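Engineer: give me coordinates for this.
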Amino acid sequence: MSHRRALLLMILVTLLWSTAGVVTRHLEAARSFELTFWRSAFNAISLVVLLRWLRGPAFWGQLVRAPRLVWLSGAFWGLMFTAFMVALSMVSVATVLVTMALGPLFTALFSRVFLRHQLPVRTWVAIALATLGIAWMFWQEAGEAGGAGLSGILVALLVPLAGAGNWTLLQRATHGSADPDAPAPGQDMLPAVLIGALISAALTLPLAWPFQASAHDLGLLGFLGLCQLAIPCLLAVRLSRVLPAPEIALLGQLEVIFGVLWAWLGAGEAPAGATLIGGAIVLAALAGNEILALRQRRSQ
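Structural biologist: So this is what the prediction gives:
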């Protein structure tokens, strides 16, 4: 796959990911752990169908024999799935997405420490600018949220931390490792997404009972399980073979822009001025990094 095609697909991934906030604002009765359970359960069902179609009858055997890092990646996915939806039930969509936007900084640091990756100067500059915009939004949101809102921010903070660990693991699996328990280069990491969905559903099932979701809610949560999680997450794992972890994390910040716009247009959750200013800085950092990368590739 060419870098340009991978880039366009990653933008599509972020667009699909960004629909979670606006959809949850249209739920009738499902809240907190119940909506997390149903989204993860529908995600798991969708992944079973998709992976069985992609991998054939041998899929279940491959899942059981998966290396340790595949299961660890699944644990990261499970934490991301759970913390994201719980945080959405506690604070605004913009607050959650702003907190998640710390992902590029964490991913770059993890890649530098654990993978010894040398990042180009343009990527560090882009991360610094994006972090500046995020810090501005975070400060304003945190100041207005109060104690309960800060708890939601702390829950949301688990998402970029787990995401950074996950992208680092995916890069390690792609390029190989001296660890005998690590996947060989080219190892199929798609089952990790299913493992994460099952972990999230299992953890939240006891807390989701008794169920209150209506048929309307189940339809929306089924959409999230398939189109907001299963399909884009499988694409993201595949794209990790082409795009480096810091670039994936940086492109993932488009979810902040898309998600805030969805919530604004589809649920009337207007972002504050600080969110708009910070989002503009993030978008400028993303565009600048990609333009410089394109020029560099053309000059080689």
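Engineer: what about this structure, any weak spots by pLDDT?
Structural biologist: 138, 140-149, 173-187, 294, 297, 300 (pLDDT under 70).
Engineer: and Arg31, what are its phi and psi?
Structural biologist: phi -140, psi 150 (degrees, to the nearest 10).
Engineer: with Met90 instead?
Structural biologist: Dihedral angles for Met90 - degrees, to the nearest 10 - are phi -110, psi -40.
Engineer: any idea how far Thr107 is from it?
Structural biologist: Distance of Met90 to Thr107, computed by Cβ to Cβ, to the nearest Å: 24 Å. Using the backbone N, CA and C atoms, a C-beta is placed for each residue, glycine as well.
Engineer: okay, the helix or strand where Thr36 lies in PDB with CA atoms only?
Structural biologist: In this assignment (DSSP states H and E), Thr36 forms part of helix 32-55. Extracted C-alpha coordinates of helix 32-55, given in PDB (Å, rounded to 0.1, in the frame of the first residue of the first chain):
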ATOM      1  CA  SER A  32     -22.400   4.800  31.300                       C
ATOM      2  CA  PHE A  33     -21.500   1.100  31.700                       C
ATOM      3  CA  GLU A  34     -24.500  -0.200  29.800                       C
ATOM      4  CA  LEU A  35     -23.700   1.800  26.700                       C
ATOM      5  CA  THR A  36     -20.100   0.700  27.000                       C
ATOM      6  CA  PHE A  37     -21.200  -3.000  27.300                       C
ATOM      7  CA  TRP A  38     -23.500  -2.900  24.300                       C
ATOM      8  CA  ARG A  39     -21.000  -1.100  22.100                       C
ATOM      9  CA  SER A  40     -18.300  -3.500  22.900                       C
ATOM     10  CA  ALA A  41     -20.600  -6.500  22.600                       C
ATOM     11  CA  PHE A  42     -21.800  -5.400  19.100                       C
ATOM     12  CA  ASN A  43     -18.100  -4.700  18.200                       C
ATOM     13  CA  ALA A  44     -17.200  -8.200  19.200                       C
ATOM     14  CA  ILE A  45     -20.000  -9.800  17.200                       C
ATOM     15  CA  SER A  46     -19.000  -7.700  14.200                       C
ATOM     16  CA  LEU A  47     -15.400  -8.700  14.500                       C
ATOM     17  CA  VAL A  48     -16.200 -12.400  14.800                       C
ATOM     18  CA  VAL A  49     -18.000 -12.200  11.500                       C
ATOM     19  CA  LEU A  50     -15.400 -10.000   9.700                       C
ATOM     20  CA  LEU A  51     -12.400 -11.900  11.000                       C
ATOM     21  CA  ARG A  52     -14.000 -15.300  10.200                       C
ATOM     22  CA  TRP A  53     -14.600 -14.000   6.700                       C
ATOM     23  CA  LEU A  54     -11.100 -12.600   6.300                       C
ATOM     24  CA  ARG A  55      -9.200 -15.600   7.900                       C
END
